[in-house]
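**Q** Output the structure for:
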Amino acid sequence: MSLPVCQTPEFVKVAAEDRARYLSPPFFTNPYEFLPTPGPLGQVHSWGLYEYGERNPIDTYKDFVNHPEVDFTRIIGRTIETQMMYTGDVKSPELQFVEALMEKKRKQIAAVDFEKLHKKDVILRIWLTGIRNFEGEHRIERRVRVSAGLKLGVFQDKILNPLFGWARNMHSYVFTDFRDGALFGPRGMSSIDSMSWKHAVGHDYLPDDEFTLADLIRPDGEGNVFGYLYDFGDKWFHEIEVVKILSLDESDGEVRVMNGRGQCPGENLQGNFRYYRRLLKIDVDDPRPRSKKLREILDSPNYQGCPWHIHNFNLYDFDPNAAEFRINAALSSPNSVRSGAKGFKIPLTVEAFLGTGYDVKISKSQVVQRDFEPGGFWQETKSTKIDSRKDSACALCGKPGEADMKTCSGCKELWYCDSVCQKRHWKRGHRKDCSRKHLDEHSGGGVH
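**A** Here you go, the predicted model:
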């Protein structure tokens with residue numbers, strides 16, 4: 001329940017006509033003194049702004065009672081009452097509060113002695129929360145070795161989503177520090193779920209292009225777990241465990257897919273709990289209904305172009321070679337343009353089907369890609385320029401961008417750690433894509 005209307009918030013400023021109805025209790029406190037309440041498993045989600053309520057008895061696994069219940073009645077009621085009060089530069093009380101939390105988090109991270117953690121490799125175990133088999137094991141999980149110096153946005157775009165099998169740049173996401181509920185997410189994300197559901201995830205987040213994995217892990221983080229929420233609509237909750245922090249001598253920055261279990265769910269299949277129930281039904285279904293459910297997965301956007309058919313698609317399998325292929329393809333391309341997220345357009349006229357009326361603002365170094373199919377087309381903004389050095393990773397091994405990174409001397413679109421990685425990437429296939437046609441193929445390319 002909200003606090004009495006007559007109570008005045010301690011820190012945030014409210015508009016004169018705002019009666020503060022539906023404003024949640026945390027927003028009446030001082031954000032610099034605010035201590036969020038952990039959930040049943042000791043984790044804090046979404047800055048600690050939402051309460052943990054009683055769950056439906058069907059939520060048998062402890063994983064499903066670990067997430068706060070978002071009171072959409074409160075959110076909708078407050079939105080209706082205040083949507084015209086806070087416009088332009090006038091910030092809502094909720095945003096004022098979260099911005100103060102973000103400032104506090106920045107200072108906390110800046111005060112940490114990371115002990116060269118950014119130069120070390122880490123082994124991460126990642127799983128979809130609550131989707132377990134009858135033995136209690138996670139049905140869908142991955143294990144990967146990466147550098148802790150990777151920017152969170154690069155890690156999500158070029159490693160984490162390809163590793164799992166999710167589409168790139170289709171939905172919004174946040175990483176969660178379970179110690180205080182701090183959120184890190186993409187700057188300027190334009191996906192539908194971001195615009196529709198951001199207020200129910202935590203109102204705002206720290207831009208993940210300013211922070212690295214090390215900022216979430218911390219030097220003493222071995223064994224700790226942090227969160228990854230993908231798709232604000234369906235809400236696919238992941239947990240990421242820091243299995244091991246390697247020494248400087250053991251670290252080389254190269255991304256290595258180690259092992260895993262289970263196929264990735266289909267995009268837009270309604271999140272962890274509903275997908276868990278779907279798997280339980282598939283396990284016991286007769287062939288015909290089982291085939292129908294498998295077809296729904298394979299018809300999902302993230303399975304477009306996959307080689308599987310319902311008769312050779314095994315939900316329990318994980319193909320590390322396919323995961324490596326997806327990661328290599330992502331590393332060999334520019335970072336996703338968050339302001340031009342991938343979305344499906346359903347035209348209502350012939351002109352619209354040709355793309356007219358769906359024009360978007362792009363820079364000189366961007367293009368709009370449209371892939372047509374029956375009923376409409378997929379549209380996404382793509383970058384045609386090289387990533388900034390600080391937001392890059394080696395196109396071959398995935399090592400995070402550093403001052404001594406070199407560009408391909410041909411296309412000048414990819415970064416490499418050194419000439420060794422460049423020559424290996426050239427032989428692997430970059431010679432077919434490089435724009436410098438006159439470059440001697442036998443020289444193995446070049447870097448500068």
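
**Q** burial of Ala395, as a residue count?
**A** 26 (other CB atoms under 10 Å). Bear in mind the C-beta positions are built from the backbone N, C-alpha and C, glycine included.

**Q** Please identify which helix or strand holds it.
**A** In the assignment (DSSP states H and E), Ala395 maps to no helix and no strand.

**Q** thought it was touching Arg428?
**A** No. When contacts are counted by CB atoms under 8 Å, Ala395 is not listed as touching Arg428 (9.8 Å).

**Q** which is the next helix or strand following the helix or strand of the chain with the lowest mean pLDDT?
**A** In the chain, the helix or strand scored least confidently by mean pLDDT, DSSP states H and E is helix 350-353, which has a mean of 63. Stepping forward along the backbone from helix 350-353, the first helix or strand reached (DSSP H and E) is strand 366-373.

**Q** Given that following strand, what are its sheet partners and their directions?
**A** Each strand that strand 366-373 pairs with, and the sense of that pairing, follows from DSSP bridges: strand 376-383 (antiparallel).

**Q** Need the contact partners of the partner strand.
**A** 169, 301, 334-337, 339-347, 353, 355, 358, 360, 362, 365-371 (CB atoms under 8 Å, 6 or more residues apart in numbering).

**Q** and the next helix or strand after it, what does it pack onto?
**A** Proceeding N to C from strand 376-383, the next assigned helix or strand is strand 406-407, under DSSP H and E. For strand 406-407, the contact count by 3 or more CB pairs under 8 Å, 6 or more residues apart in numbering; DSSP states H and E identifies strand 415-416 as packing neighbours.

**Q** Residues in contact with the strand it packs on: which ones?
**A** The contact list for strand 415-416 (CB under 8 Å, 6+ apart) reads 386-387, 389, 392-396, 401, 405-408, 422, 425, 447.

**Q** Out of those residues, the closest to Ser194 would be?
**A** Asp387 (21.7 Å; CB to CB).

**Q** what about Gln270, how many neighbours?
**A** Counted by other CB under 10 Å, the residues lying close to Gln270 total 16.

**Q** Straight-line length of stretch 372-387, end to end?
**A** 28 Å (CA to CA, to the nearest Å).

**Q** That stretch: which residues count as buried?
**A** Within stretch 372-387, the residues that qualify as buried are Gly376, Phe377, Trp378, Gln379, Glu380, Thr381, Lys382, Ser383, Ile386, Asp387, counting by 16 or more other CB atoms under 10 Å.

**Q** Make a ChimeraX selection of the buried ones in the contacts of strand 376-383.
**A** Typed into ChimeraX, the line below selects the buried ones among the contacts of strand 376-383, using 16+ other CB under 10 Å:
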select :169,301,334,335,336,337,339,340,341,342,343,345,347,353,362,366
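
**Q** what's the farthest-apart pair in the buried residues of stretch 372-387?
**A** With distance counted by CB to CB, no two of these lie farther apart than Gly376 and Ile386, which are 31.9 Å apart.

**Q** Show the contacting residues for the residue nearest to the spatial centre of the chain.
**A** Taking CA atoms, centre = their mean, the centroid of the chain lies closest to Tyr173, which sits 4.0 Å from it. With contacts defined as CB under 8 Å, 6+ apart, the neighbours of Tyr173 are Gln156, Gly185, Pro186, Tyr228, Leu229, Tyr230, Asp231, Phe232.

**Q** From Gln366, how far out is Trp127?
**A** According to CB to CB, to the nearest Å, Trp127 stands 35 Å off from Gln366.

**Q** Nearest to Lys91 among the contacts of Tyr173?
**A** Lys91 has its nearest neighbour among the contacts of Tyr173 in Gly185, at 18.2 Å by CB to CB.

**Q** quick one, what contacts the closest one?
**A** Neighbour list for Gly185: Ser172, Tyr173, Val174, Phe175, Tyr205, Leu206, Pro207, Asp208 [criterion: CB under 8 Å, 6+ apart].

**Q** what residues are up against the fifth one?
**A** When contacts are counted by CB under 8 Å, 6+ apart, Tyr205 is found next to Met102, Val174, Leu183, Phe184, Gly185.
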